[in-house]
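In: Sharing a model prediction with you, sequence too.
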Amino acid sequence: MARYEAIGFDLLTALLDSWSLWKRAAGDDALGMRWHAASQSLLRGREYRPFEDIVRDAAREVGVAADSAEQLFDRWGTFDPWPDVPEVLPLTDAYSRFIVTNCSRRLGSIAAARAGARFDLVLTAEDAGAYKPDPRPYLAALQRLELAPSRVLFVAGSAHDVAGAGRIGMDVYWANRGAVAQPEAWPALANERDLRRLPDVLAKGPR
């Protein structure tokens, strides 16, 4: 029997280069990343309120032009997978795959279509009523797919994702694209810059 039955994925950081869209919409790379960080700070671990409203609030907070948020929504889905994703995702076809993502249902559906793979479930913060790393989004996905946490490897996109998924009992592969420090309390099974070692981790199995 395979060591893992399924793989869960963060979408907007682990699989897709959504950062580039924030930069383009802001008209400046540094400002775009500050805007993205502000939006994450406003939503992280909180009860769901419309993602689009949070993005607008964050734009005002960091001084992004008022129409930049609407440009971001209009261009949503124009981002591409990271270069390693088309190489690695086909190697996971034998597993059940699902997404847990911090955005609205509409934007999550648009973004998931850009990943280039079939997913059994796309679970958004809107569906769960809360934003990661609140446990509800992860648990809702597991419940819908009737999966035990111990049988799932979750591919995280942030340190908060590592802790959120690990806290409920999933092993975590961290696509640490920002090269940031991992949480000491909930270290990832693998802390890598991209997905290229994911097939090796899947073959090796849990600790």
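Out: Received the coordinates, thanks. Since the model is a prediction, treat every value here as computed from it, not as a measurement.
In: Now do the same contact list for the residue lying closest to residue 126 once chain neighbours are set aside.
Out: Excluding its sequence neighbours, the residue lying closest to residue 126 (C-beta to C-beta, 6 or more residues apart in numbering) is residue 105, at 4.5 Å. Placement of C-beta: from N, CA and C, glycine included. Residues in contact with residue 105 (C-beta atoms under 8 Å, 6 or more residues apart in numbering) are 124, 126-127.
In: Relative to the whole chain's centre, how far out is stretch 34-48?
Out: Its chain's C-alpha centre and that of stretch 34-48 lie 13 Å apart, by C-alpha atoms, centre = their mean, to the nearest Å.
In: all helices of this structure, in order?
Out: Remark: helices assigned in the chain by DSSP state H are 19-26, 29-43, 51-62, 68-75, 85-88, 105-112, 125-128, 135-145, 159-167, 198-204.
In: From the chain's centroid, how far away is the helix-or-strand element of the chain with minimal mean pLDDT?
Out: Every helix and strand in the chain was compared by mean pLDDT, DSSP states H and E; the lowest is helix 198-204, with a mean of 92. The offset between the C-alpha centroid of helix 198-204 and the centroid of the whole chain comes to 20 Å, using C-alpha atoms, centre = their mean.
In: Which pLDDT does the model give the residue nearest to residue 126?
Out: pLDDT, the model's per-residue confidence, is 98 for residue 105.
In: From residue 74, how far off is it?
Out: Taking C-beta to C-beta, to the nearest Å as the criterion, residue 105 is separated from residue 74 by 18 Å.
In: Please enumerate residues in contact with the least confident helix or strand of the chain?
Out: When contacts are defined by C-beta under 8 Å, 6+ apart, helix 198-204 is touched by residues 3-4, 7, 88, 91-92, 95, 153, 155, 173, 189-190, 192.
In: which residues of the chain score low on pLDDT?
Out: Counting by pLDDT under 70, the chain contains low-confidence residues at 1, 205-207.
In: Leaving out chain neighbours, which residue sits closest to the residue most central in space within it?
Out: Against the mean C-alpha coordinate of the chain, by C-alpha atoms, centre = their mean, the closest residue is residue 10 at 2.5 Å. Once its chain neighbours are removed from consideration, residue 10 has its nearest residue in residue 157; the separation is 3.5 Å (C-beta to C-beta, 6+ apart).
In: Before I go, just wanted to say thanks for your time.
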